[in-house]
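Colleague: would you be able to build a 3D model of this:
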Amino acid sequence: MKFVLEKKDTLTQARAGTLTTDHGTIQTPIFMPVGTAGTVKAVHQRELKKDIHAQIILGNTYHLYLRPGLDTLEKAGGLHKFIGWDRPMLTDSGGYQVFSLAGTRKIKEEGVTFKSHIDGSKHFFAPENVMDIQRSIGADIIMAFDECTPYPCDYAYARQSMEMTHRWLLRCQDRFDATKGKYGYSQSLFPIVQGSVYKELRVQSAEFIAKQGREGNAIGGLSVGEPAEMMYEMTALVTDILPVEKPRYLMGVGNPANILECIALGVDMFDCVMPTRNARNGMLFTSEGIINIRNEKWKDDFSAIDPAIGNEVSSTYTKAYLRHLTVSKEILAAQIASIHNLSFYLWLVGQAREHIQAGDFGSWKTAMVQKVSTRL
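Modeller: Have a look, this model is predicted:
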């Protein structure tokens, strides 16, 4: 993997770069659609390419491990071939899913025992076998196994968890460096900064992660319920420490305003289920603000959803039609809304990149944050 930093904004920490993997290049800043179980919900792979212009998508280690299972994925030749996706892919480590299974998991130094949400069967994740699992899935970028602390979280627990995450990282690295990819292309391992919302811990963790010298770095444990300003404060602390010449990935963030503010803090990569999840519930993100398409006010609005983003779906279908499909509970509603929201997210980070390169990102970002936060 190779990362080239092409332009830095003069007034903020925003950056434009190019990340190259064996499955293709990614222009940063970038948003990565979430394909939890080998699918971005309600969206075909051809639409991810043609309409949404996705450059990289995510897979979820926990879900793919349980179903379809590693045997099937290995027989298919990895997740890329299994789902028919020939562009870059990233997998998380399962750490966040372990965090979300609080009632059915036990965390120890050795690893985590948990019950499947599908059938209640018991399983064990440790740093070593999580590396093996992600080798079998075959993503271009794989994540170290970590513990994602909840918010709020007391200092003592946050510190204990962070230190264990660091020890787990060393085990992940040992296993990753002692093994090879299974499908003839290279994989890169990203460590994850933790430390909850405590400045001292975030600094310690960022310094430890930076010293590992991996090809890229991630920031985890944010966007878990803390106030946005606190998330920005922790992100700024970390990006000041992580190496400038390597990509920075802020995990699970967020809404459009969050993404713009964190691009300004020096983050390059983002993912979140929000655009597709909200789409299925009738919430649209547009270049002029947020629309609840179920509202009566859109019933006779025959203007296009959002022609500004240059997407065929968003320029063709009207708000009135999408509202009709949504209130009628037609499956097509989820498809149109999901394609639109993801297209908007990719358009937004693409616009951010253009303004970084043009040298006016700061003023553009200030105006755009206000727009995308407005409810129409």
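Colleague: so how far is residue 304 from residue 317?
Modeller: According to CB to CB, to the nearest Å, residue 317 and residue 304 sit 7 Å apart. From N, CA and C alone the C-beta is placed, and that goes for glycine too.
Colleague: care to break this protein down by domain?
Modeller: Following automatic domain parsing, one finds the domains of the chain at 2-272, 279-372.
Colleague: and those as a markdown table, adding mean pLDDT and mean neighbour count?
Modeller: Shown next, in a markdown table, are the domains of the chain (pLDDT from 0 to 100; neighbours: other CB atoms under 10 Å):
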| stretch | mean pLDDT | mean neighbour count |
| --- | --- | --- |
| domain 2-272 | 96 | 20 |
| domain 279-372 | 98 | 18 |
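Colleague: could you look up the SS state of residue 352?
Modeller: Here residue 352 is recorded as helix under DSSP: H, G, I helix; E, B strand; the rest coil.
Colleague: you'd agree it is up against residue 256?
Modeller: No: using CB atoms under 8 Å, residue 352 makes no contact with residue 256, being 10.3 Å away.
Colleague: what's the overlap in contacts for these two?
Modeller: Common contact partners of residue 352 and residue 256 (CB atoms under 8 Å, 6 or more residues apart in numbering): none.
Colleague: residues in contact with stretch 44-55?
Modeller: Residues contacting stretch 44-55 (CB under 8 Å, 6+ apart): 24-27, 30, 32-33, 40, 43, 57, 83-85, 87-88, 311-313, 339, 342-343, 346, 350.
Colleague: which of those fall in helices?
Modeller: Mapping the contacts of stretch 44-55 onto helices (DSSP state H) picks out 83, 312-313, 339, 342-343, 346, 350.
Colleague: just the closest of the residues you listed to residue 125, please.
Modeller: Nearest to residue 125 among the ones in helices among the contacts of stretch 44-55 is residue 83, at 22.7 Å by CB to CB.
Colleague: not counting residues beside it along the chain, what's closest to that closest one?
Modeller: Using CB to CB, 6 or more residues apart in numbering and skipping the chain neighbours, the partner closest in space to residue 83 is residue 38 (4.8 Å).
Colleague: right, and that neighbour touches residue 80 too?
Modeller: No: assessed by CB under 8 Å, residue 38 is found out of contact with residue 80, at 10.3 Å.
Colleague: so which residues of the stretch 251-376 of the chain form strands?
Modeller: For the stretch 251-376 of the chain, the strands defined by DSSP state E, counting those that start in this stretch occupy 269-271, 283-286, 289-292.
Colleague: out of these, nearest to residue 229?
Modeller: strand 269-271 (18.1 Å).
Colleague: for the closest one, packing partners?
Modeller: strand 30-32, strand 248-250 (3 or more CB pairs under 8 Å, 6 or more residues apart in numbering; DSSP states H and E).
Colleague: so what touches that strand?
Modeller: 19, 28-34, 58, 90, 247-254, 259, 262, 349.
Colleague: same question, stretch 21-31
Modeller: So stretch 21-31 is contacted by 1, 14-20, 55-56, 80, 86-89, 140-141, 185-186, 188, 247, 259, 263, 267-272, 345-346, 348-350, 352-353, 356 (CB under 8 Å, 6+ apart).
Colleague: run the chain-centre distance for that stretch.
Modeller: 13 Å (CA atoms, centre = their mean, to the nearest Å).
Colleague: okay, which residue of the chain is out on the far edge from center?
Modeller: Computed with CA atoms, centre = their mean, the residue of the chain farthest from its C-alpha average is residue 300, at 35.6 Å.
Colleague: stretch 45-60: end-to-end distance?
Modeller: 17 Å (CA to CA, to the nearest Å).
Colleague: also stretch 250-263?
Modeller: 10 Å.
Colleague: equivalent analysis for stretch 170-187, please.
Modeller: 17 Å.
Colleague: before we move on, what about stretch 38-51?
Modeller: Distance between the boundary residues of stretch 38-51 (CA to CA) amounts to 19 Å.
Colleague: hmm, back to that, could you export the strands of the stretch 251-376 of the chain as TSV, including distance to residue 204?
Modeller: Shown next, in TSV, are those (distance: least, CB to CB, whole Å):
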stretch	distance to residue 204
strand 269-271	23
strand 283-286	36
strand 289-292	37
